[in-house]
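> Sequence plus predicted model, see below.
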Amino acid sequence: MSAHRVDAIPAQPWALAKARFMSDLSDQEKNLFEKATLENIFYGASVAEKKHKAESKTRAVHDKMRPLLEAVEDYGKAMDVFSNTYSLALAPIWGSIRVLLQYALDFGKYYEKIVDILARIGDVLPRFRIYERLFPDHERLVLALANAYLDIVKFCTDAKAVFTEGKKSRKPFKLIWKPFSKRFDVYLYQFRMHQKEVEREAGVSHMIESKQEREIEQANRELQERNMKAERRRRVLARLSAGEYQVNHYKTRGVRIDGTGDWVLNDPLFSAWLQDTGSSGCFCCFGIPGSGKTVLASAIIDSMIARDDSAVAYYYCDYANPKTLEMGAIVGSLIRQLIEKLELDITDQFEEELIECYEAVSPSLMCDSLTKLLHRFILEFNSVFLVLDGIDELSRQNQSAIHQIVSKALDRTDCTLKVFLTSRR
C-alpha cells in the first residue's frame with residue numbers, strides 16, 4: 001500500500017469529535033467508551049433486548065444493528081494498513097455507539113427508536129465495503145469514506161446530548177425528542193450525500209475502466225455470496241442455540257473472585273488428567289448445593305480458553321430456567337460452540353439436515369440426530385474440552401442421555417476429548 005494514504009485521514013477532525021463526545025462523560029462512561037468493541041456492543045444489545053423483551057415486539061436489537069456494526073468493522077479492516085487507524089477512527093466510533101446505547105437504556109421505547117435510527121444509517125453504509133477493498137489507494141475516496149464514518153460519531157454526540165438533557169429536564173422527554181427526530185432527517189441526508197460522494201470518487205461513471213467495472217461486478221457477486229453464506233450460518237447457529245451459554249458464563253464470571261478454582265487447577269490429580277494429551281477422559285466434580293461448583297466450572301472454562309490448545313465448549317444447566325434442561329438445548333449449544341470455532345461454510349445440505357433433526361417425531365429421535373452431529377464436529381478437532389455444569393438438575397432420563405453421549409464420544413480415538421462435569425452426589 002502506498003504511504004500517501006496516511007495523510008488522507010486527517011487526525012484533527014477525529015480528535016475534536018472524540019473530545020466533544022467525551023467532554024461530559026463520567027469516569028465509568030469514559031471506561032465504557034475506551035473499552036468498546038464490536039463484541040461488547042453486541043453483548044450489550046443482547047442484554048438490552050432481554051430487558052425490553054416483554055414490551056417489545058420488534059426485531060432483535062442486534063439483528064437491526066448488525067449492518068451498521070459490520071460496516072464499521074469492515075471499514076476498520078479496509079483501513080488496517082495504518083498503525084494508528086484503530087485509535088484514530090475505530091475507537092471513537094465503537095465508543096460513541098456503546099455509550100449512546102447505554103444512555104438510551106434508561107428511556108424505554110426511545111432505546112428502540114435510537115436503535116432504529118442507527119439501523120437506518122447502517123442501511124446506507126454497506127455499499128462502501130466494496131469500494132474500500134477495490135480502491136484502498138485512492139486518496140480522495142479514502143477521505144470521503146472517513147468523512148462518512150466521522151459523521152457517525154457526530155450523530156452519536158448530538159443524540160447523547162438529547163438523552164443528557166432528558167435526565168436533567170422536568171419536561172416530558174417526548175418534547176425533547178421531537179426536535180432531534182426532525183434533525184435526524186438532516187443527518188440521513190448527509191449520509192446519502194456521503195454515499196454519492198463515495199460513488200463519485202470511485203469513478204462509477206467515468207473513472208473506472210472496463211476491467212475495474214468487471215471487478216466491481218465480481219465484488220458485488222462475491223459480497224452477495226458471502227452475505228448469503230453468513231446469513232445461512234447465522235440461521236443455523238440460531239437454530240442450534242440462542243447463545244444463552246455466553247450470558248450465563250459472563251454472569252457467573254461476574255461473581256467470581258480472582259483465584260477461585262486455582263486449587264483445582266493446581267491439584268496433582270486434575271493436572272495429571274489434563275496433561276495426559278494422549279487419552280480421553282472424564283473428570284467429575286461433586287459437591288453439596290451452594291458449594292460453588294458453578295463458579296468453579298467458570299474458572300475451569302476460562303483457564304482452558306486461555307490455554308488455546310483445545311476447542312472449548314461448555315454448558316450451564318439451570319433449574320430456574322427449564323429450557324436449559326432440555327437435551328436439544330444442551331447438545332445444540334455444544335454443536336454451535338464447536339461450529340463457531342471452525343472456519344467452514346455451512347452448506348444448504350447441512351442446514352436441511354439440521355432442520356430434519358428438529359422436525360423429528362420424538363424428542364429422543366431429535367436428541368439422537370443432534371448427538372451424531374455433535375460427535376461429527378468433535379472429530380473436526382485434535383483436542384476438545386467440554387464442561388457440563390449442574391447435570392444433577394436434569395431429569396433422570398436426560399442424565400442418562402448425557403452419560404450415553406459422553407461415553408460414546410470418549411470411545412472415539414480420532415480426537416482427544418476431555419469432559420469436566422459438576423454435580424451433586
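Okay, I see it.
> any chance you could map the strands in the stretch 1-150 of the chain?
Taking DSSP state E, counting those that start in this stretch to define them, one finds no strands in the stretch 1-150 of the chain.
> whoops, the stretch 201-350 of the chain was the one
For the stretch 201-350 of the chain, applying DSSP E, counting those that start in this stretch gives strands covering 281-286, 311-316.
> Could you list every helix and strand in contact with the first one?
This means strand 281-286. Applying 3 or more C-beta pairs under 8 Å, 6 or more residues apart in numbering; DSSP states H and E, one finds that strand 281-286 makes contact with helix 268-275, helix 293-307, helix 396-411, strand 416-423. No exception for glycine: its C-beta is placed from N, CA and C like everyone else's.
> okay, these in TSV with mean pLDDT, distance to Tyr314 and mean neighbour count next?
As requested, the helices and strands packed on strand 281-286 are arranged in TSV below (pLDDT from 0 to 100; distance: least, C-beta to C-beta, whole Å; neighbours: other C-beta atoms under 10 Å):
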stretch	mean pLDDT	distance to Tyr314	mean neighbour count
helix 268-275	91	15	12
helix 293-307	91	5	19
helix 396-411	91	14	15
strand 416-423	93	9	22
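> So for Gly166, which of those sits nearest?
helix 293-307 (37.6 Å; C-beta to C-beta).
> by how many degrees do the closest one and strand 311-316 diverge?
Between the axes of helix 293-307 and strand 311-316, defined by axes from the mean of the first three to the mean of the last three C-alpha atoms, to 10 degrees, the angle is 170 degrees.
> quick check: angle from helix 293-307 to helix 268-275?
40 degrees.
> from the chain's centre, how far out does helix 293-307 sit?
Counting by C-alpha atoms, centre = their mean, to the nearest Å, helix 293-307 is centred 20 Å from the centre of its parent chain.
> what residues does that helix touch?
249, 252-253, 255-256, 260-262, 264-265, 285, 287, 310, 312, 314, 316, 385, 387, 389-390, 420, 422-423 (C-beta atoms under 8 Å, 6 or more residues apart in numbering).
> Where in this structure is the helix or strand with the lowest mean pLDDT?
None of the helices or strands of the chain scores lower by mean pLDDT, DSSP states H and E than helix 85, at a mean of 58.
> sorry, back to before: could you say which one of the strands of the stretch 201-350 of the chain comes nearest to Lys408?
Lys408 lies closest to strand 281-286 among these, at 12.2 Å (C-beta to C-beta).
> All the helices of the stretch 101-250 of the chain, in order from the start?
109-124, 128-134, 139-168, 173-201, 210-240, 244-254 (DSSP state H, counting those that start in this stretch).
> Any of the contacts of helix 293-307 buried? List them.
Buried by 16 or more other C-beta atoms under 10 Å: 249, 252, 256, 261, 264, 285, 310, 312, 314, 316, 385, 387, 389-390, 420, 422-423, out of those.
> before we move on, back to that, for Gln349, which of the helices of the stretch 101-250 of the chain is the nearest?
Among these, helix 210-240 comes nearest to Gln349, with 11.1 Å by C-beta to C-beta.
> Mind listing what's buried along the closest one?
By 16+ other C-beta under 10 Å, the buried positions in helix 210-240 come out as Gln212, Glu215, Ile216, Ala219, Arg232, Arg233, Val236, Leu237, Leu240.
> same deal with stretch 26-44?
By neighbour count on 16+ other C-beta under 10 Å, the buried set for stretch 26-44 is Glu29, Leu32, Phe33, Ala36, Leu38, Ile41, Phe42, Tyr43, Gly44.
> One more: stretch 147-167?
Neighbour count says stretch 147-167 has 147-157, 159-163, 166 buried, by 16+ other C-beta under 10 Å.
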